[in-house]
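S.K.: take this sequence and fold it.
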Amino acid sequence: MDNTLCPKCSKAKKPWFPFCWDCSEKENTNQVLLNSTAIGKEFKISNQRTNLILSELGWLEKDVAGWKVTKQGKSMGGKQFESDTGQAYVKWPEAILKNKTLLDVFNLPPDSKQIKEPVVSNSLPFSK
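M.R.: Numbers count the residues shown, from 1 in each chain. Have a look, this model is predicted:
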């Protein structure tokens, strides 16, 4: 299937987003949103590391009082929130767990739930 067509309605969509704007808006009303702690649990990392990775991807930026979603982060479905104490944070749609760009950080295929251990070679690429 063409990755620029929405799988729900066959309208045009951004290649990196799972659905077209209309279908995404419909889905957002019933959508479960995940914070950095929930995302980190899926990848077996801390919420702090999760936020740093999302920041490196350009989806978040550090703010005086927490984290702010960027324009690019909004295009990935990120929603800005503020706690009762004034701390800014972002929640993400569950689809972020299958996002190719995020999975590439962990060297995972899109349908994988397992984190692969990094490959460490004891052999040097040159001879002594």
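
S.K.: and the longest helix for this structure?
M.R.: Taking DSSP state H as the criterion, the chain has its longest helix at helix 47-56.

S.K.: ok, and what's touching that helix?
M.R.: By Cβ atoms under 8 Å, 6 or more residues apart in numbering, the residues outside helix 47-56 that reach it are 35-37, 39-40, 43, 45, 60-62, 67, 73, 90, 102, 105. No exception for glycine: its C-beta is placed from N, CA and C like everyone else's.

S.K.: what comes up buried for it?
M.R.: By 16 or more other Cβ atoms under 10 Å, the buried positions in helix 47-56 come out as T50, N51, L52, I53, L54.

S.K.: and the average pLDDT for that helix is what?
M.R.: For helix 47-56, the mean pLDDT works out to 95.

S.K.: same deal with stretch 75-91?
M.R.: On average, stretch 75-91 scores 91.

S.K.: for this structure, which segments count as helices?
M.R.: Per DSSP H, the chain carries helices over the ranges 21-28, 36-43, 47-56, 71-75, 100-105.

S.K.: can I get those helices in TSV including distance to P7?
M.R.: Formatted as TSV, those follow (distance: least, Cβ to Cβ, whole Å):
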stretch	distance to P7
helix 21-28	9
helix 36-43	22
helix 47-56	25
helix 71-75	18
helix 100-105	15
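
S.K.: those helices: which one's closest to T4?
M.R.: Across the helices of the chain, T4 has its closest neighbour in helix 21-28 (13.1 Å, Cβ to Cβ).

S.K.: looking at the contacts of helix 47-56, which is nearest K79?
M.R.: Proximity of the contacts of helix 47-56 to K79 (Cβ to Cβ) peaks at V90, which lies at 6.7 Å.
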